[in-house]
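1. what follows is a predicted protein model with its sequence.
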Amino acid sequence: MTTNNERHLERALRTIPWGSQTNAKRHDRDGMDQRPAFIKRASGCYMWDLDNRKFIDYRAALGPIILGYQYPPVDAAVRKQMESGTLFSMASPIEVEAAESILDTVGWAEKIRFMKTGADACTCCIRLARSKTQRDHIISIGYHGYHDWFAFAWPNPGIPEALKQFVHEVDYGDINAIDQLFADFGDQLAAAITVPIEWHLSPNPEFIQHLRTKCDEYGTALVFDEVLTGFRLAKGGAAEFFGIEPDMAAYAKGMANGYPLSAYAGKREWMDTLDQTIITTTYAGETLSLAASIAVMDVFRAEPVHEHIKNMGKLLREGFEAIFKETGFPASTVGVDQGMVIDFSKTKEDAHKKLFNALYAKGIFANEQWFISYAHQASDIENTLDSISTSIGEIS
């Protein structure tokens, strides 16, 4: 019998390439046939698909849901702002309020501008770095979105070959490669943009500090891509986590609990480069998302959000490790407690797919990064651990 999810997917594919707006949400991306193509509603840390299957969610809408779906104070702030309007013919005062609130939360940055996607915010940082330094080359470490400067590894990316000479991709943690690039292109490097951590690796403070030192030596902007790590690693993001400040940073997921908002922020000397270049977009001042972000920052300051996320993540991670050891399942966890990853490198090729499909069938919405929200409770972690233990027994 055809399910509601399957019927809706057939309908979607007639009009929408991939049947989705996001690559990571493609139904055919990784062979997870038990994962539903559509979710109709969500609340707290739970989601329901078109066939009314309930899931404990560890995907967090790919990271933005940090407090939980439909978090009441956030949604209430949005409804209140809706009474005044969504977008105006000039700037709204809520833009100033949001800027002050976010900068106060982040702690290190002096100025901020808003955008709508993480990829846009990363690109804005690169534009400002190039404008200020009058240099063309950049170092790129990790994934920063679909824009021309970051998508060379994709098959047939539709990007002019001529642009490749300006972008030097480096693996996270490769200090030798960094030293060689600065030796070869140091006076031509506008920026080094890096993810503060790669989720499938352990954090590398030495690498981040080395980047800071080399950028200072050559007058190159150090940019943190905090699209995923911002407001999740710590209230102040990677700068607080590592104790190392960048020149600029891009934020998005986690800053508005699912409402569409991103930002680029930084030191005054870099952000004031906007006086000599233009970065502008109509919807950056949209007020509902800004109201949501102010409410999120208020919650961050008033409640132990980050302590809870870390504690629940640690509970989940330690449970996984205990189960792997008890069952002899050849996997381990890597990364950080706030979004740990299961390393399947020692398992058979299809172990990842089999385990995740078994979990989806049991109502656990597994993910490459197991994102915890403020809504997850110890009982949810316990249910998840019971399910993974049973699933390993089924597939072994």
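-> Looks like it came in fine.
2. use CA for all of it now, contacts and neighbours both
-> Will do.
3. tell me which residues of the lengthiest helix in the chain come out buried.
-> Under DSSP state H, the helix in the chain containing the largest number of residues is helix 305-327. Buried residues in helix 305-327, counted by 16 or more other Cα atoms under 10 Å: 305-306, 308-317, 319-320, 323-324.
4. and stretch 197-209, by the same measure?
-> In stretch 197-209, counting by 16+ other Cα under 10 Å, buried: I197, E198, W199, H200, L201, P203, P205, F207, I208.
5. quick one: which of these sit in strands?
-> Nothing among the buried residues of stretch 197-209 maps onto strands, per DSSP state E.
6. using JSON lines, lay out those together with distance to L288.
-> Converted to JSON lines, the buried residues of stretch 197-209 look like this (distance: Cα to Cα, whole Å):
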{"residue": "I197", "distance to L288": "30"}
{"residue": "E198", "distance to L288": "31"}
{"residue": "W199", "distance to L288": "30"}
{"residue": "H200", "distance to L288": "34"}
{"residue": "L201", "distance to L288": "36"}
{"residue": "P203", "distance to L288": "34"}
{"residue": "P205", "distance to L288": "36"}
{"residue": "F207", "distance to L288": "38"}
{"residue": "I208", "distance to L288": "35"}
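7. so who does the nearest residue to V78 once chain neighbours are set aside touch?
-> Once flanking residues are discounted, V78 sits nearest to L288: 5.2 Å by Cα to Cα, 6 or more residues apart in numbering. Counting by Cα atoms under 8 Å, 6 or more residues apart in numbering, L288 makes contact with V78, R79, Q81, M82, T86, Y259.
8. let's have these in JSON lines, adding distance to Y283, pLDDT and secondary structure.
-> JSON lines is the format used below for these (distance: Cα to Cα, whole Å; pLDDT from 0 to 100; DSSP: H, G, I helix; E, B strand; the rest coil):
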{"residue": "V78", "distance to Y283": "16", "pLDDT": "98", "secondary structure": "helix"}
{"residue": "R79", "distance to Y283": "18", "pLDDT": "98", "secondary structure": "helix"}
{"residue": "Q81", "distance to Y283": "16", "pLDDT": "98", "secondary structure": "helix"}
{"residue": "M82", "distance to Y283": "15", "pLDDT": "98", "secondary structure": "helix"}
{"residue": "T86", "distance to Y283": "10", "pLDDT": "97", "secondary structure": "coil"}
{"residue": "Y259", "distance to Y283": "13", "pLDDT": "98", "secondary structure": "coil"}
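9. wasn't G254 part of a strand?
-> No - assessed with DSSP: H, G, I helix; E, B strand; the rest coil, G254 is coil; it does not lie in a strand.
10. give me the neighbour count for the closest residue in space to it that isn't next to it in sequence.
-> The shortest distance from G254 to any non-neighbouring residue, by Cα to Cα, 6+ apart, is to P64 (4.4 Å). If you count neighbours by other Cα atoms under 10 Å, P64 ends up with 26.
11. relative to L261, how far out is F88?
-> Separation of F88 from L261 (Cα to Cα, to the nearest Å) stands at 17 Å.
12. of these two, give the one with the bigger neighbour count.
-> Remark: of F88 and L261, L261 carries more neighbours, 28 against 13, as counted by other Cα under 10 Å.
13. is the more buried one in contact with A121, as I believe?
-> No - if you go by Cα atoms under 8 Å, L261 and A121 don't touch, sitting 9.8 Å apart.
14. which residues in the stretch 201-350 of the chain form strands?
-> Under the criterion DSSP state E, counting those that start in this stretch, the stretch 201-350 of the chain contains strands at 221-226, 248-251, 262-266, 332-334, 339-343.
15. strands paired with the third one, and their directions?
-> The reference is to strand 262-266. Using DSSP bridges, the strands paired with strand 262-266 are strand 111-115 (antiparallel), strand 248-251 (antiparallel).
16. for the last one, same thing?
-> Note on strand 339-343: by DSSP bridges, its sheet partners are strand 332-334 (antiparallel), strand 369-371 (antiparallel).
17. what's the angle between it and helix 305-327?
-> Here the directions of strand 339-343 and helix 305-327 differ by 20 degrees (axes from the mean of the first three to the mean of the last three Cα atoms, to 10 degrees).
18. ok, and what's touching strand 339-343?
-> Residues contacting strand 339-343 (Cα under 8 Å, 6+ apart): 199-200, 313, 317, 331-335, 368-372.
19. among those residues, which one has the most neighbours?
-> In terms of neighbours by other Cα under 10 Å, those top out with I372 at 33 neighbours.
20. I'd guessed it sits against Y58; true?
-> Yes - judged on Cα under 8 Å, I372 makes contact with Y58 at a distance of 6.2 Å.
21. how far does stretch 171-188 sit from its chain's centre?
-> 25 Å (Cα atoms, centre = their mean, to the nearest Å).
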